[in-house]
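> no sequence for this one, just the structure:
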């Protein structure tokens, strides 16, 4: 039986069949360029934040316990 080589994206950890596909996957993930706090609740950490990405897209995230 021959071994099978797989390549894993270091960001989302999805396996790919080739190094080229894994590298393309890694480059497709965007990192936030800024974080804006929208709301605090009791405690030191924000409850809601808005992240801005390099392409100008903004996404709001909310803490869920």
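Thanks, I have the structure now. All values reported here derive from a predicted model rather than from experimental measurement.
> the strands in this protein, which residues?
Using DSSP state E, the strands assigned to the chain run over residues 7-8, 15-16, 34-40, 46-52, 58-62.
> residue 25: neighbour count?
Number of residues near residue 25 (other C-beta atoms under 10 Å) recorded here: 19. Placement of C-beta: from N, CA and C, glycine included.
> so it makes contact with residue 9?
Yes. Contact status for residue 25 versus residue 9: in contact at 4.1 Å, counting by C-beta atoms under 8 Å.
> domain ranges for the chain, per the record?
1-29, 31-65 (automatic domain parsing).
> now the ones you listed as TSV including mean pLDDT?
Written out in TSV, the entries for these read as follows (pLDDT from 0 to 100):
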stretch	mean pLDDT
domain 1-29	93
domain 31-65	93
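> now for residue 25 and residue 9: what residues contact both?
With contacts taken as C-beta atoms under 8 Å, 6 or more residues apart in numbering, the residues that reach both residue 25 and residue 9 are residue 16.
> now do the end-to-end distance for stretch 4-18.
One end of stretch 4-18 sits 11 Å from the other (C-alpha to C-alpha, to the nearest Å).
> tell me the buried residues in it?
By 16 or more other C-beta atoms under 10 Å, the buried positions in stretch 4-18 come out as 7, 9, 16.
> closest to residue 48 among the residues you listed?
residue 9 (28.4 Å; C-beta to C-beta).
> from the buried residues of stretch 4-18, which single one is nearest residue 38?
For residue 38, the closest of the buried residues of stretch 4-18 turns out to be residue 9, at 29.9 Å, with distances computed as C-beta to C-beta.
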